[in-house]
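1. task: produce atomic coordinates for the following.
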Amino acid sequence: MNFISDMEPINTGVGAGVGVVFGIIALIYWVASIAAYWKTFTKAGYPGWLAIIPIVNLFVLVKVAGLSAWFGLLFFVPIANIVMAIIVALRNGRAFGHGGAFSFFLLFLLSPIGYFVTGFSSDTYPKPV
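-> This next block holds a predicted model:
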């Protein structure tokens, strides 16, 4: 009797269960991001349905930050994408009247939470500065 071959069905079941749990968490994260971006885009004057399209929502987020959509191409350059994501988060935070700490921690690191705050709160979007 081989102990490892007896444990194989258990390991397969655990691996599948972990994959399902991570898939559900990813789906929840994706839906929350779409809802947050949708409200933020409509508050900024863009159609909310653009939040559903994966690459387009990135370019609209750059436009909400007050930059040209061409800057969105920098998200495809390996090191520049991190710098660009921080710049877009800081400019979006400033556009909605928030400071640098809010922008960095909630719009860059925990973006669905931060964009929920900007989209569903009473923040106004005059135009980015």
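
2. quick one: contacts for the residue nearest the centre of the chain?
-> Centrality entry for the chain: nearest residue to the mean C-alpha point is S111, 4.8 Å, by Cα atoms, centre = their mean. S111 makes contact with 33, 36, 89 under the criterion Cβ atoms under 8 Å, 6 or more residues apart in numbering. Every C-beta, even on glycine, is put in place using the N, C-alpha and C of the backbone.

3. just the element for the last one, please.
-> Counting by DSSP states H and E, the secondary-structure element that holds A89 is helix 80-95.

4. quick one, helices of this structure?
-> Along the chain, the segments classed as helices by DSSP state H run 3-43, 54-64, 80-95, 100-102, 111-120.

5. tilt between the first one and helix 54-64?
-> The directions of helix 3-43 and helix 54-64 differ by 40 degrees, with axes from the mean of the first three to the mean of the last three Cα atoms, to 10 degrees as the criterion.

6. local confidence estimate at the spatially closest residue to G119 that is not a sequence neighbour?
-> Nearest non-adjacent residue to G119, counting by Cβ to Cβ, 6 or more residues apart in numbering: K39, 2.9 Å away. On the pLDDT scale, K39 is placed at 94.

7. please shift the residue numbers so they start at 30 in all later answers.
-> Sounds good: first residue 30 from here, last item K68.
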